[in-house]
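K.L.:
Fold the following for me, if possible:
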Amino acid sequence: MNDPTNNFLTVYLDGADTVTKEVREKNPLALQLLNECVNKIGEQIINWGVLGSAAQQLALQSQAVFLAAVRTAISGHPAAIHSSLRTALECASYALLVAKNRPETEILWENRHKDKDALRLHKKTFGPAVELAAVEVGKHQADLEEYLKALYNVCIDFGAHPNPRGLMPHIKKDRGEAESEYDFVTLYHWGQQVEIGMVFCIEVGIGLIWLLATATKNSDLLTPPSTYLNNLMDRKCDYADEIVGHPIEYKKTMYEQVDPDPAEQTL
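P.N.:
Now for the predicted structure:
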């Protein structure tokens, strides 16, 4: 097992810089698609109807945290991206709800820390923000409500909360001379693990564009079907197929938080 007490920060930072350099030199399609996501998110923020509003500030924060997730992903640390991606989804969802119901929700958001009653009302209003925002986005394209909810649950299960799905895939078992040794992989070199992390960032990036386009009522992107966003999703899916080496069969349910019953699978 790597010794986390022996100059570990320097080793980690040097390793992250090395992987980042490797990814940027290769300039894979995933990096190009992420660049498109960031630019399109930025367009929604720049074209915000009420400049300087709480909703626009939340949108800016959504983009900033998304950038942090992308930076982490290309550094070779896919296990650490989900907390940032979850926050990005929450910020964009807050932005949509505030924009939709301002000035009431804007005042409510700004007064969160005013007193206990304000805090309680804030939690009640914004606690289900992602679910409520997903419903609004789903009005433009039916499958988007489930898509956004699935993204959020994946973030929670794979790292935003300390759950098994976010931890166990990165634990490697090495058979030593006397006993088994376990090692937790922090950084990966360029390869499938890094690519998978980048692909999930793309998926969340597309979700953020939908949320912010809905908040700004961007008719160019929202007119069904959204040719640009659906094309971006198709390109992401083609890249994901290349990573695994075969076409991915997508199930009817986008994401299952509960493992399937083995008995049912054999039927």
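K.L.:
and the residue nearest the centre of the chain, what does it touch?
P.N.:
Closest residue to the average C-alpha location of the chain: Leu85 at 3.4 Å, with CA atoms, centre = their mean. Residues near Leu85 by CB atoms under 8 Å, 6 or more residues apart in numbering: 65-66, 69, 151, 155, 160, 200-201, 204. Any C-beta I mention is one placed from the backbone N, CA and C, and that applies to glycine too.
K.L.:
redo that, cut-off 7 Å
P.N.:
Going by CB atoms under 7 Å, 6 or more residues apart in numbering, Leu85 touches 69, 155, 201, 204.
K.L.:
now those residues as TSV including pLDDT?
P.N.:
Listed next are the contacts of Leu85 as TSV, based on pLDDT from 0 to 100:
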residue	pLDDT
Ala69	97
Cys155	94
Cys201	97
Val204	97
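K.L.:
shaky segments in the stretch 51-200 of the chain?
P.N.:
51-52, 159-161, 163-185 (pLDDT under 70).
K.L.:
Select the longest helix from the protein.
P.N.:
As assigned by DSSP state H, the longest helix anywhere in the chain is helix 192-216.
K.L.:
helices or strands next to it in the packing?
P.N.:
helix 29-46, helix 54-74, helix 82-101, helix 129-138, helix 144-155, helix 219-222, helix 227-244 (3 or more CB pairs under 7 Å, 6 or more residues apart in numbering; DSSP states H and E).
K.L.:
Please identify the most buried of those.
P.N.:
helix 82-101 (a mean of 25; mean count of other CB atoms under 10 Å).
K.L.:
Number of residues surrounding Arg102?
P.N.:
16 (other CB atoms under 10 Å).
K.L.:
Please name the residues that touch Thr87.
P.N.:
If you count contacts by CB under 7 Å, 6+ apart, Thr87 has them with Val65.
K.L.:
and Lys123, how many residues sit next to it?
P.N.:
11.
K.L.:
still on that earlier bit, how about the longest helix of the chain: buried residues?
P.N.:
Residues 193-216 are the ones in helix 192-216 that count as buried (16 or more other CB atoms under 10 Å).
K.L.:
how about the helices and strands packed on helix 192-216 in JSON lines, adding distance to Lys114?
P.N.:
As requested, the helices and strands packed on helix 192-216 are exported to JSON lines (distance: least, CB to CB, whole Å):
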{"stretch": "helix 29-46", "distance to Lys114": "27"}
{"stretch": "helix 54-74", "distance to Lys114": "15"}
{"stretch": "helix 82-101", "distance to Lys114": "17"}
{"stretch": "helix 129-138", "distance to Lys114": "19"}
{"stretch": "helix 144-155", "distance to Lys114": "28"}
{"stretch": "helix 219-222", "distance to Lys114": "35"}
{"stretch": "helix 227-244", "distance to Lys114": "38"}
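K.L.:
if we can go back for a sec, kindly provide the distance from the residue nearest to the centre of the chain to Lys236.
P.N.:
15 Å (CB to CB, to the nearest Å).
K.L.:
From the contacts of Leu85, pick the one nearest Asn6.
P.N.:
Ala69 (28.7 Å; CB to CB).
K.L.:
out of everything not next to it in sequence, what's closest to Gly15?
P.N.:
The shortest distance from Gly15 to any non-neighbouring residue, by CB to CB, 6 or more residues apart in numbering, is to Leu187 (4.7 Å).
K.L.:
so what's that neighbour up against?
P.N.:
Here Leu187 is in contact with 12, 15-16, 19, 76-77 (CB under 7 Å, 6+ apart).
K.L.:
out of these, which is most surrounded?
P.N.:
Counting by other CB under 10 Å, top hit in the contacts of Leu187: Gly76 with 25 neighbours.
K.L.:
Pretty sure it sits in a helix.
P.N.:
No. Secondary structure assignment (DSSP: H, G, I helix; E, B strand; the rest coil) places Gly76 in coil, not in a helix.
K.L.:
didn't it look like it was pressed against Gly191?
P.N.:
No. Counting by CB atoms under 7 Å, Gly76 does not reach Gly191; the two are 9.0 Å apart.
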